[in-house]
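Undergrad: need a structure here:
(one chain, ligands or ions: 1)
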Amino acid sequence: MSFESFNFAPAVMAGVRACGYQEPTPIQAQAIPPILEGHDVIGLAQTGTGKTAAYALPVIQKMLSTPRGRVRTLVLAPTRELACQIAESFRSLGQRARIRECSIYGGVNMDQQIRRLRSGVDVVVACPGRLLDHIWRGTIDICGVETLIIDEADRMFDMGFQPDIQSILKCLVQPHQTLLFSATMPPEVRKLTLETQTNPVTIQIGTQAPASSVSHSVYPVKNHQKTPLLIEILKTTETKSVLIFARTKYGAENLADEISRAGFTTASLQGNLSQNRRHAVMEGFRRGNFKILVATDIAARGLDIDHISHVINYDMPDTPEDYTHRIGRTGRFDRTGQALSLVTGRDGDMVRDIQKLINSPIQRLRVDGFDYATTRNDGQNHSQRRGFAPRRGYSAEGYNRSEMPAAETSPNSLTAEMPSGNVRPFSQAVRSGRPADSAPRFRREGYSAPRFGGRPSFEDAPMAAKPVARFNARPAFRKEDDAQAAAKAYPSFGRETGVTSAENTRSVSENPEQFSSRRPARFNGKASFANRPARPGNKVGKPPFFRRSKPPVSENNPTY
Ligand SMILES: Nc1ncnc2c1ncn2[C@@H]1O[C@H](COP(=O)(O)OP(=O)(O)OP(=O)(O)O)[C@@H](O)[C@H]1O
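TA: Reported below is the predicted structural model:
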């Protein structure tokens, strides 16, 4: 099959040639005709098989026949990096068709996006949160959307994005075609997607398994030896670019630091970075300025960087679907790649699930010459060092607690690292994996039994540990000194109302007009209930005078 068989307009064919595509991939061959006919489509195909062009090309073709200058195609994507990448694909495929696109995502100033939107764009590629901001501010009009595309549909329909997606769908008033694309679609998510489409045509290419162009290996290792082993793997393996996945933002950051200290040029990509930094990191990695990128799952979906030869799971993902997407960053289109995973005792179930998914056993490897017998203190573990909560039933070291070797129970390096002064005993106990024998002591001290993650229950904590109830307004005068100073500045104030300085807040609420004409009140801070301004007959509600109005919605409002 060739692209000519779709009868694309010359401008669209010019885009295809500009991207160097010779033949349509299977998902393109099967998805393009029903999209051109106007059907709703669910497109499922392995990672790196050209799903973006499978929806972009027919949509560009269809847009040639409708009036320009308004948003006609809306693409929703789960991450900012992916939104940029999809917009870039529309740019290169639609350049000759004079299609104008705009990417919309958070973390950057809205003004530039607003200017671009006002200039008239045909395609908007957006992350849901920022798109809703634009909708609420009235800076985007999506009423004329003819095609809605949800890329990485299963991710977008999972619990995190669902409410935003529902809100966006409500804003699409005119009948439109809905296209959902992903490499994976668990059945429970699929049920949700069905509500958004009418008689969808489902196109599934192959199984929803990791791309067959990727080979899989696991390196069994103890948790505390992961970093030295990873560094050893990086030293001894021939690689082009390597993408390493860590579970947490701090874990990714710390791991990148450690790899840098071992002499590699590396960077981390995680949600704590500013958007400018995220962009710079992505560009640097894309251009090959550095060869190793340590990332959280924000890099797991959709990113298309052809020189990634290895994906390494430093921490295993939570689901087999996540594994599929992570390792799909290598072996894209007609290339091959390798997926390596460092697995500890607690990853056994996940490895079994992945084996089931790829329908073959995964080879277990050892690094020759690596000292697997090093003690715990020789290694650093990143996820443990800050904020890592062990899974239920497992210690931070990855052993099932009941199986934990005696020598490793206490003390361990993690407990030793922790400053004893400011760490609550229950969290120490949970982190060190100390078994249930510690619990009675914590109960005696007034804490409830530690919950998963070592969080206190405030109900059972000693009084001193209870949080002070706060509310969102600050009385005009928080201290007596303030009141006296004000009384000096406004001598008539206290006398007119006939109240003492201790009651000054009451006088404010009783005489708001008089007060407001003399001194503007500041009610935007926090105060304890003890300082809360009283109002006769109204114990709980804020007096109208104190009510904060919504900030004005304007482009220049810096608080928005
Ligand atoms: N017909 C084609 N011929 C040659 N290369 C193609 C063709 N279609 C797409 N590609 C290239 O294949 C690569 C992967 O495409 P794309 O990013 O759309 O994959 P995907 O299926 O969306 O992957 P993922 O599931 O990871 O998002 C891109 O570099 C793209 O330019």
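
Undergrad: where does the stretch 251-400 of the chain come near the ligand, residue by residue?
TA: G302, D304, G328, R332, F333 (Cβ under 6 Å from any ligand atom). Where you see a C-beta, it was placed from the backbone N, CA and C, and this is true even at glycine.

Undergrad: those, buried ones only, as a PyMOL selection?
TA: Remark: buried members of those, expressed as a PyMOL selection using 16 or more other Cβ atoms under 10 Å:
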select buried, resi 302+304+328+332
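
Undergrad: now the residues of the stretch 251-400 of the chain next to the ligand in CSV, with pLDDT and secondary structure?
TA: Shown next, in CSV, are these (pLDDT from 0 to 100; DSSP: H, G, I helix; E, B strand; the rest coil):
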residue, pLDDT, secondary structure
G302, 89, coil
D304, 93, coil
G328, 93, coil
R332, 90, coil
F333, 85, coil
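
Undergrad: now, the most widely separated pair of the residues of the stretch 251-400 of the chain next to the ligand?
TA: Maximum pairwise distance in those, criterion Cβ to Cβ, is 13.7 Å, between G302 and F333.

Undergrad: kindly report the residues of this structure close to the ligand.
TA: Proximity of the chain to the ligand (Cβ under 6 Å from any ligand atom) is limited to residues 21, 23-25, 28, 45, 47-53, 183, 302, 304, 328, 332-333.

Undergrad: if you set the cut-off to 5 Å instead, what comes out?
TA: Residues of the chain lying close to the ligand by Cβ under 5 Å from any ligand atom are 21, 25, 47-53, 183, 302, 304, 328, 332-333.

Undergrad: how about low-confidence regions in the chain?
TA: 159, 375-560 (pLDDT under 70).

Undergrad: per the record, what domains does it have?
TA: Taking the TED database as the reference, the chain has its domains at 3-205, 214-364.

Undergrad: closest to A373 out of those domains?
TA: Closest approach to A373 among the domains of the chain is made by domain 214-364 (9.3 Å; Cβ to Cβ).

Undergrad: first-to-last residue distance for that closest one?
TA: Domain 214-364 has its terminal residues 16 Å apart, counting by Cα to Cα, to the nearest Å.

Undergrad: stretch 14-32 too?
TA: Stretch 14-32 end-to-end distance (Cα to Cα) = 17 Å.

Undergrad: same thing with stretch 167-182?
TA: 21 Å.

Undergrad: now do the buried residues in it.
TA: Residues I168, C171, L172, H176, Q177, T178, L179, L180, F181, S182 are the ones in stretch 167-182 that count as buried (16+ other Cβ under 10 Å).

Undergrad: which ones among the residues you listed lie within strands?
TA: Q177, T178, L179, L180, F181, S182 (DSSP state E).

Undergrad: correct me, but the first one touches H39?
TA: Yes. Counting by Cβ atoms under 8 Å, H39 is a contact partner of Q177 at 7.3 Å.

Undergrad: widest-spaced pair of the buried residues of stretch 167-182?
TA: C171 and S182 (22.8 Å).

Undergrad: pull the longest helix from this structure.
TA: Counting residues, the longest helix found in the chain (DSSP state H) is helix 80-94.

Undergrad: and after that one, which helix or strand comes next?
TA: Going down the chain from helix 80-94, the next helix or strand is strand 101-104, by DSSP states H and E.

Undergrad: quick one: strands adjacent to that next one?
TA: Strand 101-104 has its sheet partners listed here by DSSP bridges as strand 123-126 (parallel).

Undergrad: can you list contacts of the partner strand?
TA: Here strand 123-126 makes contact (Cβ atoms under 8 Å, 6 or more residues apart in numbering) with 59, 63, 71-77, 83-84, 86-87, 90, 94, 99-105, 117, 131, 134, 140, 142.

Undergrad: change it to 6 Å
TA: Outside strand 123-126, the residues that touch it by Cβ atoms under 6 Å, 6 or more residues apart in numbering are V71, T73, L74, V75, A83, I86, A87, F90, E101, C102, S103, I104.

Undergrad: swap in stretch 346-359?
TA: By Cβ under 6 Å, 6+ apart, stretch 346-359 touches A209, P210, M316, P320, Y323, V343, P361, I362, Y394, G398.

Undergrad: which ones among these map onto helices?
TA: Secondary structure from DSSP H places P320, Y323 of those in helices.

Undergrad: ok, which pair from the contacts of stretch 346-359 is furthest apart?
TA: Maximum distance among the contacts of stretch 346-359 (Cβ to Cβ): 27.9 Å, for A209 and Y394.

Undergrad: tell me how far the closest residue in space to M316 that isn't next to it in sequence lies from P67.
TA: Spatial nearest neighbour of M316, chain neighbours left out: D347 (4.6 Å); criterion: Cβ to Cβ, 6 or more residues apart in numbering. Distance of D347 to P67, computed by Cβ to Cβ, to the nearest Å: 55 Å.

Undergrad: next one: A183
TA: In terms of Cβ to Cβ, A183 sits 35 Å off from P67.

Undergrad: got it, and T196?
TA: On the measure of Cβ to Cβ, T196 and P67 end up 26 Å apart.

Undergrad: comparing those two, which residue is more hemmed in?
TA: T196 (18 against 9; other Cβ atoms under 10 Å).

Undergrad: what is the residue lying closest to that one once chain neighbours are set aside paired to in the beta sheet?
TA: Closest residue to T196 apart from its sequence neighbours, by Cβ to Cβ, 6+ apart: T178 at 5.5 Å. Beta-bridge pairing of T178 under DSSP bridges involves L148.

Undergrad: packing partners for the host helix or strand of I60?
TA: Here I60 sits within helix 51-63, counting by DSSP H and E. Using 3 or more Cβ pairs under 6 Å, 6 or more residues apart in numbering; DSSP states H and E, the elements in contact with helix 51-63 are helix 26-36, helix 80-94.
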